[in-house]
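[1] Provided below are the primary sequence and the corresponding predicted coordinates.
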Amino acid sequence: MLKFLSDEALQNPDYIIVQPSPIQGLGIFTQKVCQPDEIIMVITGEVLDSEECLRRENEENNVYIFYLDEHRYLDTSQSGKIRYINHHCEPNCYVIERDSDSLYLVAARQIAAGEEITIDYGFEEIYALCQAHNPLCAAHRNACPVLQARKDTSLNSEMRSE
């Protein structure tokens, strides 16, 4: 059962901090124990239509966009801490709909104080780039056709140079 705090407390919770991540760049970390199904924070941002979403992804390389529905997306690039959430193949959180314009970040399991908060970004390209060194990520990297093609090209180049 989901555990609710006031929306005000969830907008920018004090117990969530941004710091260097062993996964990549900066990440968000909890300073308290989070219980399974606990709502950690509200995810808000600018609601975009499909056309504007594609433009921002392509022209601005905006990677802070969450899917709301087939025609609407949530740009969190200006939304505080959430833009620093990193991908993990075995995430400790998931995202659910809060209302038509926002989402909840929810603990999938107990999360220890000091632990990085992660989600599965949910698109295949991320598995090729995944740096969250665990066996599941390695399996995705090995199955990735892009990486396999790079390995094959590299191997063919090495064989030709011999």
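    On my side now, so go ahead.
[2] now the helix or strand hosting Glu52: mean pLDDT?
    For Glu52, the element it lies in under DSSP states H and E is helix 50-59. The pLDDT scores in helix 50-59 average 85.
[3] do stretch 110-124 as well
    pLDDT averaged over stretch 110-124 gives 88.
[4] just to revisit the earlier point, export the helix holding Glu52 as PDB, just CAs?
    Provided in PDB are the C-alpha atoms of helix 50-59 (Å, rounded to 0.1, in the frame of the first residue of the first chain):
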ATOM      1  CA  SER A  50       5.000  14.900 -28.900                       C
ATOM      2  CA  GLU A  51       6.400  17.500 -31.400                       C
ATOM      3  CA  GLU A  52       8.000  19.700 -28.800                       C
ATOM      4  CA  CYS A  53       9.400  16.600 -26.900                       C
ATOM      5  CA  LEU A  54      11.100  15.300 -30.100                       C
ATOM      6  CA  ARG A  55      12.500  18.800 -30.800                       C
ATOM      7  CA  ARG A  56      14.000  19.100 -27.400                       C
ATOM      8  CA  GLU A  57      15.400  15.600 -27.500                       C
ATOM      9  CA  ASN A  58      17.000  16.100 -30.900                       C
ATOM     10  CA  GLU A  59      18.000  19.800 -30.900                       C
END
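[5] In it, which residues are buried?
    The neighbour-count check on helix 50-59 (16 or more other CB atoms under 10 Å) flags 53, 56-57 as buried. C-beta here means a position set from N, CA and C on the backbone, and glycine is covered the same way.
[6] How about stretch 57-75?
    57, 62, 64-66, 68, 73-75.
[7] Gln35 and Ala107 touch, don't they?
    Yes: Gln35 is within contact range of Ala107, at 6.4 Å (criterion: CB atoms under 8 Å).
[8] if you count what's nearby, which of the two comes out ahead?
    Ala107 (21 against 11; other CB atoms under 10 Å).
[9] list the contacts for that one?
    34-38, 40, 92-93 (CB atoms under 8 Å, 6 or more residues apart in numbering).
[10] could these go into TSV alongside pLDDT?
    Output for the contacts of Ala107, formatted as TSV (pLDDT from 0 to 100):
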residue	pLDDT
Cys34	96
Gln35	96
Pro36	96
Asp37	94
Glu38	94
Ile40	94
Asn92	96
Cys93	95
